[in-house]
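A.B. asks: following is a predicted model, sequence given first.
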Amino acid sequence: MSDDAPTTRGHEPVRPASHVIVPPRTYLIIFGALMALTLVTTAVAYVDLGPLNPVIALTIASFKALLVVLYFMHVRYGTRLVWCAAAIGFYWLHIILALTLADYLTRGWLAPMDW
Amino acid sequence: MGAHGAPPGTQGFPLGHHFDDPAQQTESSTFGMWVFLATEVLFFGGLFTAYAVYRSAYPHAFAEASRHLDVTLGTINTAVLIGSSLTMAMAVHAAQVGRRAGQVGYLLMTLALGSVFLAIKGVEYAHKHHEHLIPGPGFRFEGPEAPHAQIFFALYFMMTGMHALHMVIGLGLLGVLAARARMGRFTAVYNSPIEITGLYWHFVDIVWIFLFPLLYLIGLHA
Amino acid sequence: MNGERVPTPGRHYINIAYGVKSWLLTTDHKRIALLYLATVTLFFFLGGAFAVLIRLELITPPGDMVQSETYNKFFTMHGVIMVFFFLIPSIPAVLGNFLVPMMVGARDLAFPRLNLLSWYVFVIGGAFTLTAVVSGGVDTGWTFYTPYSSTYSNTHVIATALGVFITGFSSILTGLNFIVTIHKMRAPGLTWFRLPLFIWSLYATSLIIILGTPVVAITILLVGAERLFHIGIFDPRLGGDPLLFQHLFWFYSHPAVYIMILPGMGVVSELISCFSRKRVFGYRFVAFSSVAIAALGFLVWGHHMFVSGQSVYAGMIFSLLSFLVAIPSAIKVFNWTATLYRGSIHYDTPMLYAFGFIGLFTIGGLTGLFLATLAVDVHVHDTYFIVAHFHYIMVGGMVMAYMGGLHFWWPKMTGCTYPEGWAKLSALIIFVGFNLTFFPQFILGYLGMPRRYHAYPEEFQVLNVMSSAGASILGVGYLIPMVYFLWSLKYGKAAAANPWGATGLEWQTPSPPPQENFEETPVVVSEAYNYSSPALSGPART
Amino acid sequence: MFGDLPLFPEQASTMAGRVDALYFYLLAVTGFFTLLIFTLLIVFAVRYRHRPEDPRTPALYANYTLEIVWSVIPLVIAMSMFVWGAKVYFDNVVAPPGATEIFVVGRQWMWKFQHLDGRREINELHVPVGRPVKLTMASEDVIHSLYVPAFRVKMDVLPGRYSTLWFEPTRPGSYHLFCAEYCGTKHAAMGGWVHVMEPVRYEQWLGGEAPGESLAATGRRVFERMGCVTCHSGTSGARGPDLKGLYGTQVILRTGEAATADDTYLRESILNPQARVVRGYEPLMPTYRGQINEEGLMQILAYIRSIGPGQDGEQSAAPAPPAP
Ligand code: HEA
Ligand code: HEA
Ligand code: CUA
Ligand SMILES: [Cu+2]
């Protein structure tokens, strides 16, 4: 958290440092990758892989999201603070999912267990 | 508000009275948007949680109900939205290098692609309406899983509906930005409205990137 | 810096412009704080009026004053108004709005217009809820449990829920503004570990607001959709699970109880330090414990559902985690106590409230441990033990802190001095009335009196009468400050810039502060609460 | 006036003593900390009150040892509370084998009890002293919660699902029965009494009225009346599986998954039969959702339990055998 130390309150007119200009070529590559992954994920969905299907679908989706976040949204070039802000929502999403499912997935446990 | 006694080098930058310099103001708005997006993640997060719970409880009903969605349209829409993210990124680029025509053009392209997405979504909704797949008293679904399929569709409409609402808001922002860009408001120095709207737009794209497999692709292989 | 920014002497944020428009269109955080103060006070007395009605009904065992329908609306409106329209915005939106920019040495919050918007959103949300009150009320309890709220209740659930939904966005805007301001607008030299603890606590509060509120928003939307269209998400007859609602609701509402205590803890850190003329003991521990409470607070929501039919194993996880979240609170209590050690303690009114806070929060928090203990919660869940627990924390803790903070910063906010004698007297009345109201409820709860009962068995009457008697004393205790605060605006002595001899940037500017808060941007060269070093602590006061 | 001021609830179940012991432990610990904090506050406040001649206060910073001490000690104490509480809770959840079974239906705003011998009660529950009793509960509408303070037990009663609660009364007498979960207008009136009786008196009470038919027998009649027998006749060539010897066993489903034929499964098999179809059968069974209420379901359940493995028929519907 030191990178936003209050020296930013100094008065030299600086050009915003977060504005690393990403070349359009990078955008095009990322766009290509996203399109390819979309096709892959749709194609894979037609193959029966049992419990792996949702896992693969979510892995690909997360990877796509990561590409968008890192390049389109410039987090790769951003400060640590922006990085944290980008991560925290997703992290918290896992908390609500994990603890809610901790209830649902263990509800049936008691009956078969002979204590 | 407005600039008063602009320090040298910040001409054309509408510095808020409470900020010291453009960097502080720009970073604040970018960071503010990120914090807002964290909120948004959790907003959709509630729906994703409901989805996870019911999908784990009724996997077959969800697969079967999902087969009533149109994968082709869904895939096309995914492509359209990713395309709009590309044009949005290009609009931000144009702003950063201060090209006014590029800004306006790319913003309008994003706006157009977003509208295409919503139009396709509208077609899908119309189909669902036609097939009586809208949850509520009029819901019709063959087979024993009907109630659970209704939950699937309830989540489908909530999730895509909330997503579409975000798109509509985004389109409104894009329209305003395009108009202001045409007036030459954005320069290489001052462009954070375009940048933060871009962040918002990409976020909406990411939500769809998850909705697409979770809603459309779960029943294909059976 | 710029010559034109130097204010004319005698000009401050209140007299710089007159007229309704200058208030309703202001983007000045200080004026917005006062707008919030007015609205929040209104809601407090409205919620208090419902409390009075509740306590009146409970004087006698049979439900003889009002019908059960009416009583059910009383406690629902009391809970909804007190939680969402009074306590959540109380310290953050009033004191926080006023102080965050001043304490970090900024001229305003990062997004002043969003700040004004948040107040309007709050008012609109409040209007929806008030409409519901006026047109007949709601009877779901503040928890809106499904399927009662979604299918069975035939009161104004949608209007109220919409009110709560809308207000949620007001909190989000405030939280967002605070986070960005604290990160980006600190004065030169004001590093994280030089920040006042009030700022740390509001930072933690804002994190909770940002990450929790959206979940309750979407949950409310789902309840609305269920109610309007019968989509089945929470309806067991259609395959839905009503417990999912409870999960989603408490995912927000448990962290929300920390929204309702962390700001109070921040205020108390300021008060304790100022009135013992000492740096807060274990500054870093107190600071980090706020963040720890915010983070851990998200992991314990299932402790409201121990007998709801959630999995036994989930119950155990949630119980374990609930005990963990008690530790940072313990750290705070011990550090505050240690701050007094070898201090130079002044007994001004704010300090009396701070003492009250520590004592009552300790009792309320420790009784939280009873509830986190699984087997005991099975017995006391949904009894008056719970009611006593949370009033001890929310009224005994947070409202005390809010009152303490108001008294502390009142001279700064208004430039007026309140009558100290009356203030001390009412602090005492509140303390006595409070304990008389809520202590008997612990006993009632362990005896097994369920909450939300408008009629109860005879043997519980004596304790209920004590509680009602206490409530009337408490009510008087709250009315007196209302009177002398208003009185002070007209007749109070003009306040000095730093009447308490406190450290902190907000005291280094006139009372009331100028429009731009500081005549020039302050530069911070030392840690907070530097009372031990004579040079830096401002005018000494004896 | 204070003559009848109660301060502590009666203890009337095996659980009551255990919960109270834990409660007193908590009281002792929290009492200690409350006293500690209050004493320190007062002592410091008096001892270090401001005196004009005082020098400035010393600059005391954190003391790491102290911080660790006052984090770890509460942590250890808290863990002891957790472990003890969890142990008692667990025993409170898992009913001992051989408990007397009673079916409970909660609805706005009354409690209905059905004993296995066919006796029914509303808002009153008669149970013998000294024998564990297990309640299987469901709600017809919203969430309710069955609460007997003297027993220190409480459990929510949910719509669409069975929940269970057990207790073993230890003292004859009449005790309050409350609905603890807010359930609408007459929530406060949704209560009654639990009458705990000496075995002899209980037998008298049992013999008091005409015994009527057992719950399982009623269930059997419902089973016939609803036409279940047409398919579940138990003969070869029947369209549905034989339900004899089914209760508590593992069922192999069409999908290849296995399910335990417990109360929840049976309930679902009747209300939503096609959700889980037994292997080797066609999904022919119609749904009975909306045609049968919770009480009827419980009667059928009692019947199916009574013809479960090792049961001799409808007279003795014992609890589920522990599943494998
Ligand atoms: C501001 C509000 C606030 C705060 C801060 C808390 C704090 C805590 N609460 Fe409370 N709670 C509520 C408001 C609050 N609560 C409300 C409103 C409800 C009811 C909602 C409803 O149903 O309507 C409720 C209900 C509630 C329940 C559910 C009860 C039930 O319905 O069955 C539980 C269960 O675990 C619980 C636990 C706790 C715990 C463990 C803490 C802890 O954070 C407390 C930590 C503090 C301390 C422990 C004291 C200081 C420590 C020491 C002095 C050192 C000694 C410490 C040890 C030995 C560990 N609370
Ligand atoms: C957040 C804050 C908060 C605050 C500050 C309070 C303050 C008070 N509360 Fe409340 N309370 C809740 C939050 C709060 N409460 C919640 C969340 C519930 C649960 C609701 C539910 O179950 O859904 C609850 C429930 C609740 C109950 C339980 C009802 C039941 O379960 O049946 C009771 C009963 O005694 C009670 C009493 C009081 C009292 C006496 C006060 C006193 O402190 C109030 C003191 C203030 C005054 C007395 C105001 C003074 C003003 C006047 C005297 C003017 C009067 C004006 C007119 C009559 C025109 N509250
Ligand atoms: Cu039934 Cu409350
Ligand atoms: Cu809680």
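C.D. replies: Everything's here; your move. Ligands and ions are numbered 1, 2, ... in the order given.
A.B. asks: check chain C for its longest helix and report it.
C.D. replies: helix C:197-229 (DSSP state H).
A.B. asks: any idea how far that one is from the chain center?
C.D. replies: Put simply, helix C:197-229 sits 15 Å off its chain's centre (C-alpha atoms, centre = their mean, to the nearest Å).
A.B. asks: check stretch B:55-72 too.
C.D. replies: With C-alpha atoms, centre = their mean as the basis, stretch B:55-72 stands 23 Å off its chain's centre.
A.B. asks: got the contact list for it?
C.D. replies: Defining contact as C-beta atoms under 8 Å, 6 or more residues apart in numbering or on different chains, one finds that stretch B:55-72 is touched by A:42, A:101, A:104-105, B:54, B:124, B:127-128, B:131, B:133, B:141, B:143, B:145, B:148-149, B:151-153, B:156, B:214-220, B:222, C:239, C:241, D:255. Every C-beta, even on glycine, is put in place using the N, C-alpha and C of the backbone.
A.B. asks: now do residue 43: how many residues are near it, please.
C.D. replies: If you meant another chain, say so; for now it's chain A. 10 (other C-beta atoms under 10 Å in any protein chain shown).
A.B. asks: switch to chain B, please.
C.D. replies: B:Phe43, neighbours per other C-beta under 10 Å, totals 23.
A.B. asks: all helices of chain D, in order?
C.D. replies: Going by DSSP H, chain D shows helices at D:14-47, D:64-93, D:199-208, D:215-225, D:228-231, D:263-271, D:294-306.
A.B. asks: out of the ones you listed, the one nearest C:Tyr13 is which?
C.D. replies: Shortest separation from C:Tyr13 across the helices of chain D is recorded for helix D:14-47, at 36.2 Å, computed as C-beta to C-beta.
A.B. asks: angle of that closest one against helix D:64-93?
C.D. replies: Orientation of helix D:14-47 against helix D:64-93 (axes from the mean of the first three to the mean of the last three C-alpha atoms, to 10 degrees) gives an angle of 160 degrees.
A.B. asks: pLDDT averaged over helix D:14-47, what's the number?
C.D. replies: The average pLDDT within helix D:14-47 is 96.
A.B. asks: in it, what counts as buried?
C.D. replies: By neighbour count with 16 or more other C-beta atoms under 10 Å in any protein chain shown, helix D:14-47 contains the buried residues D:14-16, D:18-20, D:22-23, D:25-27, D:29-30, D:33-34, D:37-38, D:40-41, D:44-45.
A.B. asks: what about C:Leu479, distance to chain D?
C.D. replies: In this view, C:Leu479 and chain D are 28 Å apart by C-beta to the nearest C-beta, to the nearest Å.
A.B. asks: ignore the last one, C:Leu58
C.D. replies: Computed as C-beta to the nearest C-beta, the C:Leu58 to chain D distance reads 11 Å.
A.B. asks: quick one: pLDDT of that residue?
C.D. replies: 96.
A.B. asks: residue contacts, C:Ala497?
C.D. replies: For C:Ala497, the contacting residues are C:Trp507, C:Gln508, C:Thr509, C:Pro510, C:Ser511, by C-beta under 8 Å, 6+ apart.
A.B. asks: over to C:Thr151?
C.D. replies: By C-beta under 8 Å, 6+ apart, the neighbours of C:Thr151 are C:Glu226, C:Arg227, C:His230, C:Asp235, D:Val142.
A.B. asks: and of those, the nearest to C:Ser290?
C.D. replies: Closest to C:Ser290, out of all of the contacts of C:Thr151 and judged by C-beta to C-beta, is C:Glu226, at 36.5 Å.
A.B. asks: ramachandran angles for the closest residue to the closest one other than its chain neighbours?
C.D. replies: Distances taken as C-beta to C-beta, 6 or more residues apart in numbering or on different chains place C:Ser150 nearest to C:Glu226, at 4.1 Å, with adjacent residues excluded. Dihedral pair for C:Ser150: phi -90, psi -30, per degrees, to the nearest 10.
A.B. asks: excluding sequence neighbours, find me the nearest residue to C:Leu296.
C.D. replies: C:Val325 (4.2 Å).
A.B. asks: just the buried ones from the contacts of stretch B:55-72, in ChimeraX syntax?
C.D. replies: Of these, the buried ones can be selected in ChimeraX as follows, counting by 16+ other C-beta under 10 Å:
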select /A:42,101,104 /B:54,124,128,133,141,145,148,149,151,152,153,156,214,215,216,217,218,219,220 /C:239,241
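A.B. asks: ranges for the strands of the stretch 101-250 of chain D?
C.D. replies: With strands called from DSSP state E, counting those that start in this stretch, the stretch 101-250 of chain D shows them at D:110-115, D:120-122, D:124-128, D:133-139, D:144-148, D:153-157, D:163-167, D:173-179, D:192-197, D:250-252.
A.B. asks: buried deepest among those, which one?
C.D. replies: strand D:144-148 (a mean of 28; mean count of other C-beta atoms under 10 Å in any protein chain shown).
A.B. asks: how about that one, does it get close to ligand 2?
C.D. replies: No: between strand D:144-148 and ligand 2, judged by C-beta under 6 Å from any ligand atom, nothing touches; the nearest distance is 13.9 Å.
A.B. asks: each with direction, which strands does that strand pair with?
C.D. replies: strand D:153-157 (antiparallel), strand D:173-179 (antiparallel) (DSSP bridges).
A.B. asks: quick one: that strand near ligand 1?
C.D. replies: No: under the criterion of C-beta under 6 Å from any ligand atom, ligand 1 is not reached by strand D:144-148; the shortest gap measures 10.6 Å.
A.B. asks: who touches that strand?
C.D. replies: Counting by C-beta under 8 Å, 6+ apart, C:307, C:382, C:448, C:450, D:13, D:104, D:106-107, D:111, D:135, D:137, D:153-157, D:165, D:167, D:175-181, D:183, D:190, D:194 sit against strand D:144-148.
A.B. asks: tilt between that strand and strand D:163-167?
C.D. replies: 0 degrees.
A.B. asks: can you give me the angle strand D:144-148 makes with strand D:133-139?
C.D. replies: Going by the same axes, to 10 degrees, strand D:144-148 is angled at 160 degrees with respect to strand D:133-139.
A.B. asks: can you give me the pLDDT of residue 72?
C.D. replies: Just so you know, I chose chain A. For A:Phe72, pLDDT reads 94.
A.B. asks: ah, I was thinking of chain B
C.D. replies: 94.
A.B. asks: helix/strand/coil for it?
C.D. replies: Of the three states, B:Thr72 takes helix under DSSP: H, G, I helix; E, B strand; the rest coil.
A.B. asks: and the longest helix along chain A, anywhere near chain B?
C.D. replies: In chain A, with assignment by DSSP H, the single longest helix is helix A:80-104. Yes: against chain B, helix A:80-104 shows contacts by C-beta under 8 Å from any C-beta of the partner chain at A:81-82, A:85-86, A:88-90, A:92-93, A:96-97, A:100-101, A:104.
A.B. asks: many thanks, I have nothing further to ask.
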